[in-house]
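Asker: Quick one: sequence and predicted model below, then my questions.
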Amino acid sequence: MSKLFSPFVLKGLTLRNRTVVAPMCQYRAQHGLANDWHFVHLGRFALGGFGLVIVEATGVVPEGRISYADLGLWDDAQIAPLARIVDFHHHNGAKIGIQLAHAGRKASTPVWWRGGFTETEAEKPAVGFTHWVPVAPSAIPHSDKPEFQTPLALDQAGIDATIKGFADAAIRADKAGFDVVELHAAHGYLINQFLSPIANKRTDQYGGSRENRMRFLLEVTDAVRAVWPASKPLFVRISATDGASEGGWTLEDSVALVAPLKARGVDMLHCSSGGFDGYSIKPGPAYQVPFAEAVRAAGMPSIAVGLLDDPHLAESVLDKGEADLIALARGALDDPNWAVHAHHILDGGGQTYDLWPVEARGRIRDMDRVLGRRQSDPAAPKP
Ligand SMILES: Cc1cc2nc3c(=O)[nH]c(=O)nc-3n(C[C@H](O)[C@H](O)[C@H](O)COP(=O)(O)O)c2cc1C
């Protein structure tokens with residue numbers, strides 16, 4: 001049996017395998033409410049054999065949404081449609097997490113696949129259109145592109161309210177039945193804006209030294225850990241590096257985050273990168289694995305993500321001890337059955353059919369028998 005398809009235990013959570021669907025914004029919500037789009041988008045990954053599915057960046061306060069069409073968890077009415085999705089995952093063998101997010105100065109931007117604010121006046125009420133001035137650590141826009149506004153710098157009351165927003169959303173996530181909460185501290189959004197000197201020019205206790213820039217994340221973590229059940233894992237997604245040659249957040253900084261996050265009850269770091277205008281690292285297969293590896297070597301379990309859709313490559317990352325879990329985003333969109341297909345590739349026929357839903361597995365086995373494929377352990381000698 002491959003490592004990728006062996007179970008994984010973390011606190012009170014047991015995953016059927018080590019495959020994860022990374023969070024993916026859909027820009028399909030109205031008033032932050034999940035709907036049939038989210039049910040189908042996410043549910044098909046449960047049927048496709050993934051171990052853990054993480055729901056997209058979900059605004060903890062309305063002004064923390066990337067766009068008006070993001071999911072939200074600032075209101076009790078947003079619990080029930082998410083609970084329906086959670087239940088579906090549980091009934092189909094998958095676990096499910098939710099990424100709690102605040103976009104900071106990257107909030108109130110267009111639904112990207114619309115290519116700008118193209119909503120007509122007639123359309124606006126139907127899609128729940130709103131537009132607002134975002135908040136951030138410092139009053140500096142993300143970029144000079146027209147969709148990014150100059151944000152208002154958060155004062156202490158604003159910081160406190162935002163931290164409370166994260167904690168209240170975590171309470172609602174628990175009520176919805178989620179197995180994991182992931183704090184979005186990556187991709188140049190609010191928490192990342194506090195961490196990185198590119199966006200954080202504050203002169204108070206939240207800015208300046210690395211210790212001060214970490215403060216907001218650590219306070220959010222404390223507030224969420226205080227309400228999120230001790231038996232349930234808490235993940236943090238980081239941009240392990242901004243990709244800036246100087247003056248940014250570095251992998252060394254990320255490694256320095258491990259001890260304080262661990263001390264506060266964080267169980268897993270999900271290691272991405274980038275998010276600030278003009279900086280990034282060059283993508284390629286497994287390009288972010290060294291970040292997951294460095295974090296894991298510092299004592300924190302980690303998720304590797306980024307162009308890991310070759311099952312053999314994914315398996316080798318686990319085999320070499322570079323990460324604990326493997327996440328896919330675009331690869332899962334491309335093939336929602338990726339997990340079960342990867343299981344066949346790594347582990348052959350036989351029991352691997354059991355990862356298909358019961359409604360499908362016998363039929364697919366019959367089809368494969370006729371076609372003479374996936375019948376045996378790929379390591380076994382060919383007849
Ligand atoms: C459609 C789409 C939406 C995304 N939305 C989010 C998001 O909500 N939160 C997040 O942290 N990353 C988001 N990402 C980034 C992915 O989670 C992932 O880190 C990235 O796509 C690299 O993985 P991949 O090569 O497997 O696609 C998104 C990516 C895609 C393709």
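Answerer: Okay, I see it.

Asker: What pLDDT is listed against K382?
Answerer: We note a pLDDT of 45 for K382 in this prediction.

Asker: Can you give me the pLDDT of the residue positioned nearest the centre of the chain?
Answerer: With distances taken as CA atoms, centre = their mean, the residue of the chain nearest its centroid is P23 (3.8 Å). At P23, the pLDDT value in this model is 98.

Asker: Check whether it really touches V55, as I assumed.
Answerer: Yes - using CB atoms under 8 Å as the test, P23 is close enough to V55 to be in contact (6.4 Å). Bear in mind the C-beta positions are built from the backbone N, C-alpha and C, glycine included.

Asker: Helices of the stretch 101-250 of the chain, start to end?
Answerer: Applying DSSP state H, counting those that start in this stretch to the stretch 101-250 of the chain gives helices spanning 123-127, 156-176, 190-195, 210-227.

Asker: and among those helices, the most buried is which?
Answerer: Across the helices of the stretch 101-250 of the chain, the average number of neighbours (mean count of other CB atoms under 10 Å) peaks for helix 190-195, which reaches a mean of 28.

Asker: Can you name every helix or strand that that one contacts?
Answerer: Applying 3 or more CB pairs under 8 Å, 6 or more residues apart in numbering; DSSP states H and E, we find helix 190-195 packed against strand 135-136, strand 180-185, helix 210-227.

Asker: Tell me how far it lies from the chain's centre.
Answerer: Put simply, helix 190-195 sits 16 Å off its chain's centre (CA atoms, centre = their mean, to the nearest Å).

Asker: just to revisit the earlier point, pull up the overlap in contacts between P23 and V55.
Answerer: Residues touching both P23 and V55 by CB atoms under 8 Å, 6 or more residues apart in numbering: Q99.

Asker: Find me the pLDDT at the nearest residue to P233 once chain neighbours are set aside, would you?
Answerer: Distances taken as CB to CB, 6 or more residues apart in numbering place D267 nearest to P233, at 4.0 Å, with adjacent residues excluded. Looking at D267, its pLDDT reads 98.

Asker: quick one: contacts for D267?
Answerer: Per CB under 8 Å, 6+ apart, neighbours of D267: L10, K11, P233, L234, F235, P301.

Asker: any idea how far the fourth one lies from P134?
Answerer: In this case it means L234. Distance from L234 to P134, counting by CB to CB, to the nearest Å: 26 Å.

Asker: Summarise which helices and strands whichever strand or helix holds I85 is packed against.
Answerer: Using DSSP states H and E, I85 sits within helix 79-91. Contacts defined by 3+ CB pairs under 8 Å, 6+ apart place helix 79-91 against helix 36-47, strand 52-59, strand 95-101, helix 156-176.

Asker: could you redo the last one with a cut-off of 10 Å?
Answerer: In terms of contacts (3 or more CB pairs under 10 Å, 6 or more residues apart in numbering; DSSP states H and E), helix 79-91 is packed against helix 36-47, strand 52-59, strand 71-72, strand 95-101, helix 156-176.

Asker: looking at it, A77 is touching K175, isn't it?
Answerer: No - proximity of A77 to K175 does not meet the contact threshold set by CB atoms under 10 Å, at 11.9 Å.

Asker: give the contact list for the residue lying closest to D222 once chain neighbours are set aside.
Answerer: Among residues not flanking D222 along the chain, R264 sits closest, at 5.8 Å (CB to CB, 6+ apart). Counting by CB atoms under 10 Å, 6 or more residues apart in numbering, R264 touches L217, L218, E219, V220, T221, D222, V224, R225, A226, L234, V236.

Asker: follow-up on the earlier one: can you tell which of the helices of the stretch 101-250 of the chain is closest to the ligand?
Answerer: helix 190-195 (10.1 Å; CB to the nearest ligand atom).
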